[in-house]
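Novice: build me a model from this:
(chains A, B and C)
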Amino acid sequence: MSAINHTVAALAERFELRFKGDGERVIDGVGTLAGAGPSQLSFLSNSKYTAQLTATGAGVVVLREENLPDCPTSALIAKDPYVAYAQIAALFERLPTTPSGIHPSAVVAADARISASASIGPCCVVGDGAVIEDGVILGPHCIIGEHCTVGVQSRLIARVTLVTRVTLGKRVLVHPGAVIGSDGFGLAFDSDRGRWIKLPQLGGVRIGDDCEIGANTTIDRGALDDTVLEEDVRLDNQIQIAHNVHVGAHTAMAGCAAVAGSAKIGRYCMIGGNAGVLGHLELTDRVTITAKSLVTHSIREPGEYSSGVPLQDNRQWRRNAARFKHLDEYARRLSALEKDSNNE
Amino acid sequence: MSAINHTVAALAERFELRFKGDGERVIDGVGTLAGAGPSQLSFLSNSKYTAQLTATGAGVVVLREENLPDCPTSALIAKDPYVAYAQIAALFERLPTTPSGIHPSAVVAADARISASASIGPCCVVGDGAVIEDGVILGPHCIIGEHCTVGVQSRLIARVTLVTRVTLGKRVLVHPGAVIGSDGFGLAFDSDRGRWIKLPQLGGVRIGDDCEIGANTTIDRGALDDTVLEEDVRLDNQIQIAHNVHVGAHTAMAGCAAVAGSAKIGRYCMIGGNAGVLGHLELTDRVTITAKSLVTHSIREPGEYSSGVPLQDNRQWRRNAARFKHLDEYARRLSALEKDSNNE
Amino acid sequence: MSAINHTVAALAERFELRFKGDGERVIDGVGTLAGAGPSQLSFLSNSKYTAQLTATGAGVVVLREENLPDCPTSALIAKDPYVAYAQIAALFERLPTTPSGIHPSAVVAADARISASASIGPCCVVGDGAVIEDGVILGPHCIIGEHCTVGVQSRLIARVTLVTRVTLGKRVLVHPGAVIGSDGFGLAFDSDRGRWIKLPQLGGVRIGDDCEIGANTTIDRGALDDTVLEEDVRLDNQIQIAHNVHVGAHTAMAGCAAVAGSAKIGRYCMIGGNAGVLGHLELTDRVTITAKSLVTHSIREPGEYSSGVPLQDNRQWRRNAARFKHLDEYARRLSALEKDSNNE
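Specialist: Okay, the predicted model is just below:
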């Protein structure tokens, strides 16, 4: 593998940053403040780590102007060092080379439309009426079901399944094991026969541009209308999005979050790890839900919301948790005492 | 694609419903009250949506007799409109056509028994001693391990793995990414050596007729006896069923629910999203567990059960949650005050 | 299939146990105390089940010396019957026979290094620079990405994906649907453009010897350094391990547990089902977290920790849960009453 090299001055010019120190220094990778060597770039975003900055062996550090005095090496000065670092670090990522064309082991339906610039990996299966646009990369074992579209420059790392009527926008990134467009969980209980009857799931899924879908995440297709992710939605691993959910642009969800059917999540929301949202609720824009919280009512005001109780030593916790079962009684007894006290 | 067409009168006859209005109207699809057009059928199940009924553009609406006066178009009258709608809507689902036979890319063991009417999709792998019965459809990338049986007319959408000793009944529907028959999590701690020792998982999994298993759901096989789902059990996505669990007929579980080893769930139970049941517990029939609750003791009485605390604004929640750590102390102090008060 | 047979005396000698009763009895399988027949071995580990022992039809039972008087059949006497049983039972497991060599449907990169004693199953895909060591078994549909190593005698049951820069130690067992080495969830919010920017995930994953990874579990690769599981870590199904997590040796996690980015879990920890650990926390050795608890601060002392509230009948629970929203107010009112009472 040939090296990837950029001088400090070249990085400064490319990302419109000022630099201080040795502009001719050649950078060939990135690392942590603690671990980076003289040919590597690191960053300081949180002043809490200033001690690591003063001791760093990095060749250059991306930082805020205010941290310059503590920097023992060259520096690239950014308003938001984390954002600048993210952009620079992307230069040093070695993506696997994937030649365009269809691997001989792939199985492609006769009427699927596949761009000549797309890459279809080993054992992929592409169904009737599917469309694979320019520059798409399907890694090994992807299944693109009937009437699905994969938009320009989207990348399905490996073993992604789009079941049916799924449309991915441009530059969508999907990680292994994700399933998009599976049947929504729609059942009617036939009380005469004492059995469940399945509702056919006739809608699809629409995923906007620049979305990212994590490993083993599942997104069901709609019952009648579509399940929708607007642009730049970011889903971590093992998230469950039920049928007819609508997720606003730029919303991010951490691992194992789950959203029940027909819920509508606003734009710029942050849903914490293993948090849940019940069905048919609405969350306005810029709502943050902390980890493992359960949203049981719609939220009209931006802000941060939580549920749950704190972790404790198990013996203490047992005593407190047992008391929770009588909380209503305690509140009544408290009110009664207050009344007594006022009457004296 | 040719259209799917049914007149209102034909639908009424087929499903033994009365109709009112234009029996000759041709219906070619279904839609929501708000979105359906003049050739589409919709339904009203919840009187909350009566305003949508009065404004609907649907060609015909399935509804209860009592809602007839508000219906601006033809109507099909049902005791349970949601159940009737589910049955009718199934007529309008376009399932992919899957010819019977074995795709040339599939890998089938010499002693597997495959019905001539079954369809084995691209890249499927069928192991020694497996049995694929009449009318089964295995979508692409299914793996049917050794000594597994897939019952009549079952349908594995795509990328389903049956590991070993798994038996699916008739008309079982399994969604992509599901893993059935994986090793139960059985470990013995060898305190002499300070290491885990794995217990071989020698049982299997038995899934009853008409069950549905969601995307990326996992069902482990038993340690000695089998893990069992009785008939008509409905599991949503990302559910975890541990080894030796027994789930009674007609029980439904929402996404991300989890049941620990050897728990026994009754018939007609409803387990909410991300709810959990600890190991070795028993739940009687007709128990409902609300979302994200944790069942920590057996339940002998039918009914609805819950745990958790309500969602609040994070600042309020922090104050309340901090107090939870002293709940036992508060209860004691409350009792002491009452004693003082009574002694006065 | 030929039978697997061992006499009681042979089992005693092999596992250095004493036996009582008929040493010549031939054992050909294992079973529960309730279900085992005269040619099967069972065990009693928990004296709670002594009634089952007295009624057992097993040919031989592994038990503690103190339970001998209640044993109606031959016995193998062990200090820890569960550990001894685990070792013996492994003799009776019939693993599928997997001939070494590369299945013709597998797709192997020209510069991958594959041991002649390894078995590469149907439809496996092995990428550039991958190393498959001696005695490895890759079941069907495994994907071994670029620069991944699978250590000696590791076994990937089926449909396992190692994305890139993943190293598995010796004797690692991975169940279907697991994804190891997927992108960590690293995002920087570019407030100028109101959009997320992805941080490239340049690290890898290192899994120690004798680890077990459950079905549909996901382990992300590190952002800069590696995500690490030390030796003998045991992960159940549907666990999520985020980037740069470090899990100490001999730690076990039950189904649906989740650990957020850069958390450091000690050795010999036990993380309960669906429990969560927030990012950047540290748990010392021998910490137990009970099911569904959320760890929100680092833990310096070994012991058992919990959060959550108990399950109740929904009507009672609603009353108590509503009161939780005023807990801080109640505590203040209680203090005020106490002050009044003391001032009298």
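Novice: domain parsing for chain A?
Specialist: A:6-92, A:160-305, A:314-343 (automatic domain parsing).
Novice: do you know which of these lies nearest A:A116?
Specialist: Nearest to A:A116 among these is domain A:160-305 (17.7 Å), distances taken as CB to CB. Every C-beta, even on glycine, is put in place using the N, C-alpha and C of the backbone.
Novice: how about that closest one and chain C, touching?
Specialist: Yes - counting by CB under 8 Å from any CB of the partner chain, chain C has neighbours in domain A:160-305: A:173, A:175-177, A:210, A:212, A:214-216, A:232, A:234, A:236-238, A:250, A:252, A:254-256, A:268, A:273-274, A:291-292.
Novice: can you flag which of those residues belong to helices?
Specialist: The members of the residues of domain A:160-305 next to chain C all map outside helices under DSSP state H.
Novice: any weak-confidence spans in chain A?
Specialist: Applying pLDDT under 70 to chain A picks out residues A:1-2, A:344.
Novice: would you list every one of the helices in it?
Specialist: A:8-14, A:50-54, A:81-89, A:314-324, A:327-343.
Novice: surely A:A291 is in contact with C:G276?
Specialist: Yes - between A:A291 and C:G276 there is a contact at 6.2 Å, judged by CB atoms under 8 Å.
Novice: how near is A:D210 to A:I241?
Specialist: According to CB to CB, to the nearest Å, A:D210 stands 17 Å off from A:I241.
Novice: same drill for the two, tell me which one is more crowded.
Specialist: A:I241 (31 against 20; other CB atoms under 10 Å in any protein chain shown).
Novice: go ahead and confirm A:D134 touches A:Q153.
Specialist: Yes - counting by CB under 8 Å, A:D134 touches A:Q153, with 7.2 Å between them.
Novice: tell me which of these two has more neighbours.
Specialist: It is A:Q153, of A:D134 and A:Q153, that has more neighbours when counted by other CB under 10 Å, with 17 against 13.
Novice: residues contacting the residue lying closest to A:Q312 once chain neighbours are set aside?
Specialist: Distances taken as CB to CB, 6 or more residues apart in numbering or on different chains put B:K325 closest to A:Q312, at 5.9 Å, once the chain neighbours are dropped. Neighbour list for B:K325: A:310, A:312, A:316, A:320 [criterion: CB atoms under 8 Å, 6 or more residues apart in numbering or on different chains].
Novice: circling back to that earlier point, what do A:A291 and C:G276 both touch?
Specialist: In contact with both A:A291 and C:G276: A:273-274, C:260, C:294, using CB under 8 Å, 6+ apart.
Novice: near chain B, from those residues?
Specialist: Okay, of those touching chain B (CB under 8 Å from any CB), that's A:N274.
Novice: from the shared contacts of A:A291 and C:G276, pick the one nearest chain B.
Specialist: A:N274 (7.5 Å; CB to the nearest CB).
Novice: so the closest one touches C:G276, yeah?
Specialist: Yes - counting by CB under 8 Å, A:N274 does reach C:G276; the two are 5.4 Å apart.
Novice: mutual contacts of the two, please.
Specialist: Contacts common to A:N274 and C:G276, judged by CB under 8 Å, 6+ apart, are A:256, A:291-292, C:258, C:294.
Novice: in strands, which of these fall?
Specialist: The strands, defined by DSSP state E, take in C:258, C:294 from the shared contacts of A:N274 and C:G276.
Novice: and which of the shared contacts of A:N274 and C:G276 is nearest to A:L168?
Specialist: Nearest to A:L168 out of those is A:C256 (CB to CB; 22.7 Å).
Novice: what's the local residue count around the closest one?
Specialist: Quick note: A:C256 (other CB under 10 Å) scores 33 neighbours.
Novice: ok, it - contacts?
Specialist: A:236-239, A:273-274, B:256, C:240, C:256, C:258, C:276.
Novice: ditto for A:G266
Specialist: A:248, A:251, A:282-287.
Novice: which residue comes closest to it once chain neighbours are left out?
Specialist: In space, and not counting its chain neighbours, A:G266 is closest to A:D285: 3.8 Å by CB to CB, 6+ apart.
Novice: now do the contacts for the residue nearest the centre of chain A.
Specialist: In chain A, the residue lying closest to the centroid (CA atoms, centre = their mean) is A:L235, at 2.5 Å. Residues in contact with A:L235 (CB under 8 Å, 6+ apart) are A:211-214, A:217, A:229, A:241, A:252-253, A:257.
Novice: that one and B:G21, how far apart?
Specialist: Distance from A:L235 to B:G21, by CB to CB: 45 Å.
Novice: same deal with A:K20?
Specialist: Here A:K20 is placed at a distance of 80 Å from B:G21 (CB to CB).
Novice: please apply the same query to A:Y49.
Specialist: In this structure, A:Y49 and B:G21 are 72 Å apart, going by CB to CB.
Novice: check A:P99 too.
Specialist: From A:P99 to B:G21 the distance is 61 Å (CB to CB).
Novice: more neighbours: those two, which one.
Specialist: Neighbours were counted for A:P99 and for B:G21 using other CB under 10 Å; B:G21 has more, 17 against 6.
Novice: and the more buried one, backbone torsions?
Specialist: Per-residue torsions, B:G21: phi 110, psi -140 (degrees, to the nearest 10).
Novice: right, and it touches B:A9 too?
Specialist: No - shown here, B:G21 and B:A9 do not form a contact pair, counting by CB under 8 Å, at 10.1 Å.
Novice: near chain C, which residues of the stretch 51-200 of chain A?
Specialist: A:80, A:82-83, A:85-87, A:89-90, A:92-93, A:96, A:103, A:105, A:121-123, A:139-141, A:157-159, A:173, A:175-177.
Novice: give me the buried subset of the residues you listed.
Specialist: For these, a neighbour count by 16 or more other CB atoms under 10 Å in any protein chain shown gives the buried set as A:80, A:82-83, A:85-87, A:89, A:92, A:103, A:105, A:121-123, A:139-141, A:157-159, A:173, A:175-177.
Novice: from C:V136, how far out is the closest residue to A:A106 other than its chain neighbours?
Specialist: Once flanking residues are discounted, A:A106 sits nearest to A:C124: 4.3 Å by CB to CB, 6+ apart. Distance, A:C124 to C:V136, by CB to CB: 25 Å.
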